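Participant: sequence and predicted structure are below.
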Amino acid sequence: MLAAASKKQYLFIALLVIAAIVIGFWEPHALIYGIQRGSLYAVIALPLALILGILGVLNLAHGEFLTVGMYATFVLFSRFGVDPMLSTVPVTLLLAVVGVAVYLLTIKHVLKAGHLSQLLITFGISLVISELIKSIYTTQPRGVFTTYSYSSTTLAGIRFGTYEFLYLLIAVAVLVGLQLFLKKTRLGQATFAVGQNPRGASIVGINVSFVYLFVFGLSIAIVGLASVFMVPRVSIFPGAGTPYTMKSFALTAMAGLGNLNGILLAGIALGIFEAVVNAIPGGSGWSDVVFFGVLILVIMTRAIREGRR
Amino acid sequence: MRNKAMLIVAAFVIAAASLPLFAGPYFLSVFNTIFVYMSLALTWDIMLRTGQLSYGTAGLFGLGAYASALLVAKAGLNPLVSIAAGGAFAGLLAFFLGFGVLRLRKIYFSITTLALTTVFSVIIRNLPRLTGGASGTVLPRALFNGDPGKNYWMIYCLALAVIAISVWLSKSKTHYAINAIRNDEITARSSGIDVFKYLLFIFVLTSTIQGVIGAFYAQQYAFVQPEATFSMNFLLLPLAMALVGGVYSTIGPVVGAVLLGLVSEYLKLIMPYGHLIVYGIIIVLVVLFMPQGITRAFAKLFTRKMQVGGVDSASLRD
């Protein structure tokens, strides 16, 4: 399941570093921006991968939970004047509660029903959330402005924003936290076991349904955490989180199921790739194709390789 | 029993055909839309009968729409011919894509078809010289000069053709093959069924129909635009309709389309923002509580012995 860095992964890291150095000389902004965005993609993709790996459910409502977190942060800011950084704890807790509620009401009942029901129900949930937000807050874009999120610094003659380096910090923190949880704690080891073989885990006395509940709640809480830190830099509208579902799946597919470290690498690689495409004159419109193109390519190569085996 | 059912069906067919003789343009446009979604719902369901959940309905719909609109706008083709060409284009593309996409199963198939829809729309948005970019292309003339009666008959005939195809498929040898693939692909393969051939056939067939319907839609409104033409509605509404009516059948999507089509018309009036939430709730509730759909629930209620669709009545559980 959660394999340690393999030989292939080291090769990938080496390639990534070389590419980063080359891009760094050619267009340093693309490199910086790519690392920042890529880390953010990774933070959001990690919980999707966790749910897919442990519960076996592809959560198509993933991005909508992100939107919920953004709106929660926005409401705290506009109604009560709470700085986004201070909303971290309440919003993360709120999303954990939302996640647990959604799990108990819906996901729990389709775990054994097969992938068709799961794909349909999460698709339905994504719609309910986004349309609910639309009916409450309309489609008007909102924003939260803070001065610190636009702070910048100059290094070696290159001026760049510093706030978004926070994403890298959070990505590493979440990744390390998850790895420690899975390897060092009892519940984490139980989760690991459930991911490998749910029936076997229940035979040895692990409370599988609690593990599912916990993993789902934890994952949505991480999504909430990511949303809080995104808010000062993005415009908030009912579809704001939607693209992240596919982007997260792209990273998960690229890293391979169960490879959490790989998600951060894949995120940074795709982030840089996207930033480079954006830096090419006339390329900005095509950057959306990068993710989906890579996603399709990765899925296809995996399918063909498995077909041959 | 059988004669009676045939009579009822015939009565419905004639009543629907004669609608333009007495109904006003608003009513016609409501049913026009219902038939568009009904056709899409049937194609989505036909693909689902093979066990593959496609999220690409809107993508092929949009491609057919664009192909037809651009052929009229840039090459001056006859609109009716262009509708056929739109379908052919979608079908041809599906044929080539099929060699890759149809190797995928389960979530990988679904997510790839979803990704393809986005890729299509982004490509079209980024070719402004050909497609008009983000603002789209407006055609000089609407189909039949926007005559609501003729447009209605056109989509009505198309929908009837799709229903006929769906019925024919459920009576042909293909039906047994795709049922077998859905139930257990390995067993199907070992019984000598060429799984890929059947999947490709169904994929190309449904994509062609989606392309034709998209092309008709574009010609009717004389307008294509990435946001509107590749709208998620063309995936979401058919999906909800087929689910509500009951999947793996012809009657299910048809009943579901009429039912939800009328409901959504009403909801649009009372809920300008976010009326799609109803579709989301419906999808969730149907999957949780009524995976067999409304038609089978009714059939069970009235005749305990009769099982609609025989083998098909195995619900969504796979």
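Facilitator: Cool, the structure landed.

Participant: the chain: strands as residue ranges?
Facilitator: If you meant another chain, say so; for now it's chain A. Listed in chain order, the strands of chain A (DSSP state E) span A:152-155, A:158-161.

Participant: I was after chain B.
Facilitator: Using DSSP E, strands in chain B cover B:137-138, B:223-224.

Participant: need these in a markdown table with distance to residue A:38, can you?
Facilitator: (C-beta placed from N, C-alpha, C; glycine too.) Below are the strands of chain B laid out as a markdown table (distance: least, C-beta to C-beta, whole Å):
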| stretch | distance to residue A:38 |
| --- | --- |
| strand B:137-138 | 36 |
| strand B:223-224 | 35 |
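
Participant: ranking those strands by burial, who's on top?
Facilitator: Among these, strand B:223-224 has the highest mean neighbour count (mean count of other C-beta atoms under 10 Å in any protein chain shown), at a mean of 22.

Participant: in its sheet, what does it sit against?
Facilitator: The pairing partners recorded for strand B:223-224 under DSSP bridges are strand B:137-138 (antiparallel).

Participant: show the average pLDDT along the strand it pairs with.
Facilitator: Average pLDDT, strand B:137-138: 76.

Participant: how about stretch B:39-53?
Facilitator: Mean predicted confidence for stretch B:39-53 is 88.

Participant: that stretch: how far from the chain's middle?
Facilitator: Mean-position distance between stretch B:39-53 and its chain equals 8 Å (C-alpha atoms, centre = their mean, to the nearest Å).

Participant: ditto for stretch A:136-151
Facilitator: Using C-alpha atoms, centre = their mean, the offset of stretch A:136-151 from its chain centre is 21 Å.

Participant: and residue A:78, how many neighbours?
Facilitator: Applying other C-beta atoms under 10 Å in any protein chain shown, we find 12 residues neighbouring residue A:78.

Participant: hmm, I typed the wrong one, I wanted residue A:107.
Facilitator: If you count neighbours by other C-beta under 10 Å, residue A:107 ends up with 22.

Participant: my guess is it meets residue A:119, correct?
Facilitator: No. Taking contacts as C-beta atoms under 8 Å, residue A:107 lies outside contact range of residue A:119: 11.9 Å.

Participant: okay, now residue B:201: neighbour count?
Facilitator: Under the neighbour criterion other C-beta under 10 Å, residue B:201 is assigned a count of 18.

Participant: and it, what is it in contact with?
Facilitator: The contact partners of residue B:201, by C-beta atoms under 8 Å, 6 or more residues apart in numbering or on different chains, come to residue B:174.

Participant: hang on, the earlier thing: residues that sit against both of residue A:107 and residue A:119, list them.
Facilitator: By C-beta under 8 Å, 6+ apart, no residue touches both residue A:107 and residue A:119.

Participant: need the longest helix for the chain.
Facilitator: Assuming you mean chain A. helix A:28-54 (DSSP state H).

Participant: if you could check chain B rather than the one you did, that'd help
Facilitator: Chain B, longest helix under DSSP H: helix B:195-221.

Participant: mind listing what's buried in it?
Facilitator: Residues B:195, B:198-221 are the ones in helix B:195-221 that count as buried (16 or more other C-beta atoms under 10 Å in any protein chain shown).

Participant: by contact count, what packs against the helix or strand bottoming out on mean pLDDT in chain B?
Facilitator: Least confident helix or strand, chain B: helix B:19-22 with a mean of 74, by mean pLDDT, DSSP states H and E. Helices and strands touching helix B:19-22, as assessed by 3 or more C-beta pairs under 8 Å, 6 or more residues apart in numbering or on different chains; DSSP states H and E, comprise helix B:25-48, helix B:148-171.

Participant: buried by neighbour count: which residues of it qualify?
Facilitator: Those would be B:19-20, for helix B:19-22 by 16+ other C-beta under 10 Å.

Participant: kindly report the same for stretch A:280-294.
Facilitator: A:285-294.

Participant: repeat for stretch B:49-67
Facilitator: In terms of neighbour count (16+ other C-beta under 10 Å), stretch B:49-67 has its buried residues at B:49-67.

Participant: near chain A, which of those show up?
Facilitator: For chain A, the contacts drawn from the buried residues of stretch B:49-67 by C-beta under 8 Å from any C-beta of the partner chain are B:51, B:53, B:55.

Participant: returning to what we had before: now the two most distant members of the buried residues of stretch A:280-294.
Facilitator: Pairwise distances across the buried residues of stretch A:280-294 peak at 16.9 Å for A:285 and A:294 (criterion: C-beta to C-beta).

Participant: for the closest residue to residue B:261 other than its chain neighbours, report the pLDDT, please.
Facilitator: Excluding the flanking residues, the one nearest residue B:261 by C-beta to C-beta, 6 or more residues apart in numbering or on different chains is residue B:34, at 3.5 Å. As summarised for this prediction, residue B:34 has a pLDDT of 89.

Participant: and among the helices and strands packed on helix B:19-22, the most buried is which?
Facilitator: Buried most deeply of the helices and strands packed on helix B:19-22, by mean count of other C-beta under 10 Å, is helix B:25-48, with a mean of 23.

Participant: so what's residue 152 closest to, chain neighbours aside?
Facilitator: No chain in the question, so chain A it is. residue A:161 (4.9 Å).

Participant: you looked at the wrong chain, it should be chain B
Facilitator: Leaving aside its chain neighbours, residue B:152 sits nearest to residue B:28 (4.7 Å; criterion: C-beta to C-beta, 6+ apart).

Participant: before we move on, what about residue A:102?
Facilitator: residue A:125 is the one closest to residue A:102 (C-beta to C-beta, 6+ apart), at 6.4 Å.

Participant: could you check the pLDDT of the one you found?
Facilitator: 91.

Participant: who touches it in this structure?
Facilitator: So residue A:125 contacts A:60-61, A:64, A:102, A:106, B:280, B:284 (C-beta under 8 Å, 6+ apart).

Participant: now do residue A:189
Facilitator: A:182-183.

Participant: distance of the residue lying closest to residue B:150 once chain neighbours are set aside relative to residue B:167?
Facilitator: Leaving aside its sequence neighbours, residue B:150 sits nearest to residue B:144 (C-beta to C-beta, 6+ apart; 3.9 Å). Shown here: residue B:144 relative to residue B:167, a distance of 28 Å by C-beta to C-beta, to the nearest Å.

Participant: which residue sits closest to residue B:62, ignoring its sequence neighbours?
Facilitator: In space, and not counting its chain neighbours, residue B:62 is closest to residue B:230: 4.0 Å by C-beta to C-beta, 6+ apart.

Participant: wait, the one you found sits on residue B:56?
Facilitator: No. Using C-beta under 8 Å, residue B:230 is not in contact with residue B:56; the gap is 10.7 Å.

Participant: between those two, what contacts are shared?
Facilitator: residue B:117.

Participant: just to revisit the earlier point, could you export the contacts of residue A:125 as CSV, including neighbour count and distance to residue B:126?
Facilitator: Converted to CSV, the contacts of residue A:125 look like this (neighbours: other C-beta atoms under 10 Å in any protein chain shown; distance: C-beta to C-beta, whole Å):
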residue, neighbour count, distance to residue B:126
A:60, 27, 26
A:61, 27, 29
A:64, 28, 27
A:102, 21, 36
A:106, 20, 37
B:280, 23, 31
B:284, 21, 35
